[in-house]
Structure formats: C-alpha cells, structure tokens
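>>> sharing a model that was predicted from the sequence below.
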Amino acid sequence: MSKFSNFMKSLVYMGDQIDKRGTSLSIRKNIYFKGPNVIILICAIIIASVGLNVNSIPVIIGAMLISPVMAPILGFGFGLGVQDDALVKDSLRNFAVMVVISILASTLFFVLSPLKLEHPTELLARTNPTIYDVLIALFGGFAGMLENSRKEKGMVLPGVAIATALMPPLCTVGYGISVLSWKYILGALYLFLINSIFIALATFLTTRYLKYPLVSEDTQEDRRKLNSNVMALALLLMIVPSVYSAFQIVRDSNLSISASKFVEKNKSIGHSFIFDYDIDSSTKPASIVLFMAGERLSEEERDRLLADAESHGFTREQIVFRENAASRRENISEVMKEVYEHNEQQIAALNDTIQNLRSALNEYLPLDDVSKELHAQYPTITQLVLTRGEAVDFTAPGDSVPASGVSTAASGSSRIIAIITSSKKLPDDVLASIERWLKIRLKDDNVTVMQK
C-alpha cells in the first residue's frame, strides 16, 4: 500500500517544476493596463463584438486568444494567496479599468453597427449562466495558475482563455446597454463575475497549495477570518443562482425532449395533423400547446392522444389543443406548406407501395408480355386485364360473359380472371381457344376468360 501511495504522490508532485520567483514577477508585471495592453484589449473587444454580432464562433475564439483580461484576475487571486495587499489593490484597480474599457468599446461598436440580428444566439448564450460555468471557471483557474507556475510553459493558457470565456460576457453587457436591455446586461455581467471570482478563487487555492512565500507574515487572525467570511459569502451569492439556473435548464431540456418524442409519435391522428407545438413555461407545470390542422379531433382520438401523453410523463391537464391553425401563425401559407408536405410524403409512400405491388403482380402474372402476345394473335383485342379472384356468371344483357363451356362457379380456389376488351365481339370458340392458350401460357388450369 505504501508503494502505491508513494507512486501516486510522485505523479502529482510539482516541487521541482515550479518557478515561484518567475511566476510572481510575471503576474505582477502583466496586471497593468497601459500602453500596448490597452490597445490590445480594445482590438480584442472589437473582434469579439463582431463575432457576437454575426454569430461567428471562430471569430469569438480568436478574440479570446488575444485578450489580456485574465491577468488582473490572476493577480488578485495570487495577491490574496501571498497576503500582498498592494498587489490585491493594484489588481482590483486594473480589473476595474479593464471592465470599463471593455464595456465602453463594445457599447460603441453595437451602437454604430448597422447589423441587427433577429436571433442573436451567441449573445443570448451569455445571459443565462449555470453551475457548469462555475465548474469551467474554477478548473480553468486551476489550470491557468499551474501553467503560470511551471518553469517550462506549454500551450495551456490559450485553452484556459477560450474555456473561461471572459471577453464575450463583457461584450454582451455592451450590447445590452446599446439596446437598453436589462436581460442582456445583468445576465452577461453575472456570467462575467462568476468567471472572474472562481478563476481568482482557483488561483488563490493553487497559490496556497504550492506554498508560495507570504509577503506579510503578521496578518492578524481577526482580519484573516473576516477575509475568509467575505469570500465565502461572495462565493455563496455566485453559486446559488447558478445552481438554480442549471436545474431549470436540465428540467426544461428533459421536458423539451419528452414533448418532441410525444409530438413526433402522434404527428397524424385520424384526419387531423399536429403542424406545430409550443412549451408554455408560464404555467405550473409547463403546458404543451398542440397546434392542429385538418378535421377536429373526435373524443376517442382526443382520449387516445391524452393517454399517450401520460405515457410520456405529462398529465392530461398539461396538454392544450389549438385546433384553429389560422390563429397560430401570421403566414397561413407556411401552415399549408407543412400540411401539403406531410400529405405529399404520405402520397409518395402510397405510390411506392402501389408500384411495388404492381411489380410483384407483374412478376407473378406477366401481364405485359401476355398482352403483347395475345394482341399479335388477335389484333382486335385492345386490352387485357389479369387478376385473381372468383369469376361471377352475369346473365344480364351487355354484362361480361364467360368463355363458352367454362363453369364460373366458385370452386374453392382462386382463379386467374382474364378480362378481354375487343374492338368487335369475339365468338365463343375464339374465347375458348384463348382460354386454353392462357392456361398453357400461365401454367395454371384455373383460368377464366371474360369478354367486356
């Protein structure tokens, strides 16, 4: 057991790979926003804003790679870890400068941008943070601080910059200000604060774990307790809403999946058709609103649909029917298009079935070949129909007449009925001759010839 324990310790031991002095100098040097750092920050903000404006993920990633916004956050966490009050204050000051510059630049861009998207999905994605964003920021902060502490730097920091996504939320705040939307402003600002605080927390914990030397050894015990309590309160305030938001997302996702499966299974009910559905989250519990086209559902069809809804985890009260298609959408042609496409699919399926049955019948009863051969012998014959069934003896004038001498009573076995259409009436002996030929040609003695 001791060997295994020593082996595991050797795997995570970092003492000989950490450059504490170099890390401290690097973090202290990079926290300041002056000169090139300010210009680079503005460039990154504009690039990220363009990416969000056109819903381009590669452009947003590029902006995050060149952005220097993480430096003051690492400085703040590192300053707390080594009890350097001056570094903490400098980091907070530059953090505030960075936030103000970023919001001003992004706001100016979105005010001047002529492009207004109907569905700004990338912007909306930054307005609803969850506990998953907390985990990303926390572990991203661990990775970022460990990478800064290594003697030999690798390619971890660019990945951390992308994963923690500090730049897009600030740009989204600027967008919210430009359109005067509190939803965008507060949601994106909350996401940015989550990322910032938990990156700083991870930096603080990593600094203490790696035992960086403390700048101030005489910190009072009461002050340390106060700092710990304030940090715990801040973390709690950040985590609780994000946990609730994550719970809502998981619940809504499961509800959406169940609703989609239910609607897909019951797309057509009798002569009615579900052409669309909505999930109304304003009710408790959420309602599934079904928009119907075609004939109104009968009571039996409605009960069958509600019973299937229960099998998908919904109550009958959650299913709401809207059987007036015209009230659902402004563009009625879109509704008709969906119904038409659905009918076209059904018709195509029926045509395929008919064609397959015809092919199978032709293979069993070679109608085309027999018709050509029969016409070659009797040019007056214009049409031949071959089918299976029981011939019926019609005696009324003008009705079909069986071939002479052939009984048409049901014999208990399926016959081949040959119905002939001729430009002139064929004599009975000709019909009998055709019948004998068909028996040989079709290799079946149960053949009855009838003239139409």
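Now that the structure is in, tell me what you want to look at.
>>> tell me the spacing between Asp276 and Ala286.
Distance, Asp276 to Ala286, using CB to CB, to the nearest Å: 17 Å. C-beta here means a position set from N, CA and C on the backbone, and glycine is covered the same way.
>>> repeat that for Leu41.
Using CB to CB, we find Leu41 at a distance of 43 Å from Ala286.
>>> might one say that Leu374 is in contact with Thr380?
No - using CB atoms under 8 Å, Leu374 is not in contact with Thr380, being 10.7 Å away.
>>> and the two? Which one has more around it.
Leu374 (18 against 13; other CB atoms under 10 Å).
>>> settle it for me: which of Leu41 and Ala286 has more neighbours?
Taking other CB under 10 Å, Leu41 and Ala286 do not tie; Leu41 has more neighbours (22 against 17).
>>> that one contacts Lys34, correct?
No - contact between Leu41 and Lys34 fails when scored by CB under 8 Å: they sit 10.7 Å apart.
>>> OK, contacts around Gln318?
Under the criterion of CB atoms under 8 Å, 6 or more residues apart in numbering, the neighbours of Gln318 are Pro285, Ala286, Ser287, Ile288, Ala309.
>>> out of those, list just those in strands.
Secondary structure assignment by DSSP state E places Ser287, Ile288 of the contacts of Gln318 in strands.
>>> can you select the buried ones among the contacts of Gln318 for me in PyMOL?
Typed into PyMOL, the line below selects the buried ones among these, using 16 or more other CB atoms under 10 Å:
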select buried, resi 286+287+288+309
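>>> which one is Val173 nearest to, not counting chain neighbours?
Closest residue to Val173 apart from its sequence neighbours, by CB to CB, 6 or more residues apart in numbering: Ala188 at 4.7 Å.
>>> for the one you found, pull up the helix or strand it's in.
Ala188 belongs to helix 182-209 when assigned by DSSP states H and E.
>>> just the closest of the contacts of Gln318 to Ile136, please.
Ala286 (28.0 Å; CB to CB).
>>> just checking, the closest one touches Asp280?
Yes - taking CB under 8 Å as the definition, Ala286 is a contact partner of Asp280 at 6.1 Å.
>>> ok, back up a step: among the contacts of Gln318, show me the least confident.
For the contacts of Gln318, the weakest pLDDT value sits at Pro285, with 79.
>>> contact partners for that one?
Thr315, Gln318.
>>> just Glu299 next, same as before
So Glu299 contacts nothing (CB under 8 Å, 6+ apart).
>>> same thing with Tyr175?
Tyr175 makes contact with Ser49, Leu52, Ser106, Thr107, Phe110, Pro120, Leu123, Ser181, Tyr184, Ala188, according to CB under 8 Å, 6+ apart.
>>> what mean pLDDT does the helix or strand hosting Arg28 get?
In this structure, Arg28 sits in helix 20-30 according to DSSP H and E. Helix 20-30 comes out with an average pLDDT of 85.
>>> so the helix or strand just after that helix versus helix 20-30, what angle?
The element immediately downstream of helix 20-30 (helix or strand, assigned by DSSP H and E) is helix 36-53. Between helix 36-53 and helix 20-30, the angle comes out at 70 degrees (axes from the mean of the first three to the mean of the last three CA atoms, to 10 degrees).
>>> which parts of helix 36-53 are buried?
Neighbour counts over helix 36-53 (16+ other CB under 10 Å) mark 37, 41-42, 44-53 as buried.
>>> other residues contacting that helix?
Residues outside helix 36-53 that contact it (CB under 8 Å, 6+ apart) are 33, 56-64, 66-69, 98, 101-102, 105-106, 109-110, 113, 115, 117, 120, 122-123, 126, 167-168, 170-172, 174-175.
>>> got a quick ChimeraX command for the buried subset of these?
The command below creates a ChimeraX selection of those among the contacts of helix 36-53 that count as buried (16+ other CB under 10 Å):
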select :33,59,60,61,62,63,64,67,68,69,98,101,102,105,106,109,110,120,122,123,126,167,168,170,171,172,174,175
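>>> among the contacts of helix 36-53, which ones are in helices?
Of the positions in these, 57-64, 66, 98, 101-102, 105-106, 109-110, 122-123, 167-168, 170-172, 174-175 sit in helices, assigned by DSSP state H.
>>> before we move on, the earlier item: taking the buried residues of helix 36-53, tell me the two that lie furthest apart.
Asn37 and Asn53 (24.3 Å).
>>> send me stretch 431-448 as CSV with only the CA atoms.
Extracted in CSV, the C-alpha atoms of stretch 431-448 (Å, rounded to 0.1, in the frame of the first residue of the first chain):
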residue,chain,number,x,y,z
LEU,A,431,-62.7,-17.2,-76.3
ALA,A,432,-62.3,-20.9,-75.6
SER,A,433,-59.2,-21.0,-77.7
ILE,A,434,-57.7,-18.0,-75.9
GLU,A,435,-58.6,-19.6,-72.5
ARG,A,436,-56.7,-22.8,-73.5
TRP,A,437,-53.8,-20.8,-74.6
LEU,A,438,-53.7,-18.8,-71.4
LYS,A,439,-53.8,-22.0,-69.3
ILE,A,440,-50.7,-23.2,-71.1
ARG,A,441,-49.0,-19.7,-71.1
LEU,A,442,-49.7,-19.0,-67.4
LYS,A,443,-49.1,-22.7,-66.4
ASP,A,444,-52.4,-22.7,-64.4
ASP,A,445,-55.6,-24.7,-65.2
ASN,A,446,-57.8,-22.3,-63.2
VAL,A,447,-58.2,-19.6,-65.9
THR,A,448,-61.5,-18.0,-66.9
